[in-house]
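> Structure, please.
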Amino acid sequence: MKLFVLLMMIGSFLNAETFTLGSDTLKEKLTKQEEYQGFGCSGENKSPELHWSGIPAGTKSFAVTVFDPDAPTGKGWWHWLVVNIPANVTQLPQNASATHHLPAGAIETVTDFGKPGFGGPCPPKGDKAHRYIFTVYALGIEKLPVTPDTAPQEVDALIKKHALAHASLLSYYQRP
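Just a heads-up that it's a prediction; the model follows:
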């Protein structure tokens, strides 16, 4: 029994190692193109193109999140949560949120901006550069039981409960 559990853990680890996230538009530093429009920011608020590969066996759907752990809230800031992306989808085009080019069945849930959809970076003026963690999760469930108004912390907990693997990209943004 112990050997079986160990082999399962190694198999999960190997699957997680091959699952990767990439982007043709996301760079190390975010730009005005991604910056939020509002709260004193004047960016274009375009979500970046994202694509993933090395999908783990048993994947039934995907979720994508963007989180800023450096936000001065004491709990970070959720910028984007997309769930119920079908298992046969391996890419989100640039500006998918605003142009409604998400896959059929995918749901954007409320962010810390108070509404569903991509909300780009908008750190306080003069603050240090913030980290923005873009993550795709391979889920072992076809549909998470959420609605567009489900709180980000609840969505995050459900994603992590059903995650088989995840892959992330890190970008930075700082306002002068």
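
> Every contact and neighbour count from this point should use C-alpha atoms.
Will do.

> Can you show me the strands along this protein?
For the chain, the strands defined by DSSP state E occupy 20-22, 37-38, 41-42, 50-53, 61-68, 77-86, 91-92, 107-108, 130-139, 163-173.

> and of these, who's closest to K29?
When the strands of the chain are ranked by proximity to K29, the top entry is strand 163-173, at 4.7 Å, counting by Cα to Cα.

> Return the distance of the closest one from the chain's centre.
For strand 163-173, the separation from the chain centroid amounts to 7 Å (computed by Cα atoms, centre = their mean, to the nearest Å).

> Kindly format the C-alpha coordinates of that strand as CSV.
Output for strand 163-173, consisting of C-alpha atoms alone and laid out as CSV, is shown next (Å, rounded to 0.1, in the frame of the first residue of the first chain):
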residue,chain,number,x,y,z
ALA,A,163,-6.4,20.6,-9.1
LEU,A,164,-4.4,17.8,-10.6
ALA,A,165,-1.6,20.2,-11.6
HIS,A,166,-0.8,23.9,-12.2
ALA,A,167,1.6,26.0,-14.1
SER,A,168,2.4,29.7,-13.6
LEU,A,169,4.0,32.7,-15.2
LEU,A,170,5.2,35.7,-13.3
SER,A,171,5.1,39.3,-14.4
TYR,A,172,5.7,42.6,-12.7
TYR,A,173,4.1,46.0,-12.8
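
> Worst mean pLDDT across the helices and strands of the protein, which element?
helix 2-18 (a mean of 43; mean pLDDT, DSSP states H and E).

> on that earlier part again, will you turn the strands of the chain into JSON lines that also has mean pLDDT?
JSON lines is the format used below for the strands of the chain (pLDDT from 0 to 100):
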{"stretch": "strand 20-22", "mean pLDDT": "97"}
{"stretch": "strand 37-38", "mean pLDDT": "92"}
{"stretch": "strand 41-42", "mean pLDDT": "94"}
{"stretch": "strand 50-53", "mean pLDDT": "98"}
{"stretch": "strand 61-68", "mean pLDDT": "98"}
{"stretch": "strand 77-86", "mean pLDDT": "98"}
{"stretch": "strand 91-92", "mean pLDDT": "97"}
{"stretch": "strand 107-108", "mean pLDDT": "96"}
{"stretch": "strand 130-139", "mean pLDDT": "98"}
{"stretch": "strand 163-173", "mean pLDDT": "97"}
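
> got these as a markdown table, with distance to P148 columns?
Written out in a markdown table, the entries for the strands of the chain read as follows (distance: least, Cα to Cα, whole Å):
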| stretch | distance to P148 |
| --- | --- |
| strand 20-22 | 24 |
| strand 37-38 | 21 |
| strand 41-42 | 24 |
| strand 50-53 | 21 |
| strand 61-68 | 14 |
| strand 77-86 | 9 |
| strand 91-92 | 18 |
| strand 107-108 | 6 |
| strand 130-139 | 18 |
| strand 163-173 | 20 |
